[in-house]
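Engineer: Sequence first, then the predicted structure, then my questions.
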Amino acid sequence: MRCKVLSILLITTVLAILLAGCGGLNLTVSSPKDGAVLVRTPQVVNGSTSKSASVTLNGEPVQVTQYGTFKTLLALTEGENIITVIATKDDKVKTVVLTVTYKP
C-alpha cells in the first residue's frame, strides 16, 4: 500500500512539473550573446518565443514566424549597446536584456 501511494505521488509530481510549462511564455535570444564584442553593424538578432507571441526589439515590432522564431537586423552605435527584447502573449510578458559592445 505504501509503495502504491508513493508511486501515485511521484506520478502526480512529474505531471505537475511537465504541465507547468504548458501555455507559458518563453523567450530566448540566440544571437548576439550577452557581453559580446562585435565588429560589424548591422547585427543579426535572432531567437525564439512561444507560438503566437508578439516580439519587440528596442521598442520596434519584430516579425515572428508561425514556429515562434524571429530574426532581424539591428544597427549598432560605437561602444556599449543595450538590446531589449520583449515577448508578449495574452497577459504574459517576458523580457531579455543584453549588452553588447560595438568596436569597428
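Structural biologist: Yep, that arrived.
Engineer: So, low pLDDT: which residues of the protein?
Structural biologist: The model of the chain has pLDDT under 70 over residues 1-23.
Engineer: residue nearest the centroid of it?
Structural biologist: In the chain, the C-alpha nearest the mean C-alpha coordinate belongs to L27, at 1.7 Å (Cα atoms, centre = their mean).
Engineer: give me every residue that touches it.
Structural biologist: 47-50, 53, 55, 85-87, 94-96 (Cβ atoms under 8 Å, 6 or more residues apart in numbering). Just so you know, the C-beta spots here come from the backbone N, C-alpha and C atoms, and that holds for glycine as well.
Engineer: Would you mind checking the residues you listed for buried ones?
Structural biologist: Neighbour counting with 16 or more other Cβ atoms under 10 Å marks 47-50, 53, 55, 85-87, 94 as buried within these.
Engineer: how about those residues in JSON lines, adding distance to Q63 and secondary structure?
Structural biologist: Listed next are these as JSON lines, based on distance: Cβ to Cβ, whole Å; DSSP: H, G, I helix; E, B strand; the rest coil:
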{"residue": "G47", "distance to Q63": "13", "secondary structure": "strand"}
{"residue": "S48", "distance to Q63": "13", "secondary structure": "strand"}
{"residue": "T49", "distance to Q63": "12", "secondary structure": "strand"}
{"residue": "S50", "distance to Q63": "15", "secondary structure": "coil"}
{"residue": "A53", "distance to Q63": "12", "secondary structure": "coil"}
{"residue": "V55", "distance to Q63": "8", "secondary structure": "strand"}
{"residue": "V85", "distance to Q63": "13", "secondary structure": "strand"}
{"residue": "I86", "distance to Q63": "15", "secondary structure": "strand"}
{"residue": "A87", "distance to Q63": "13", "secondary structure": "strand"}
{"residue": "K94", "distance to Q63": "18", "secondary structure": "strand"}
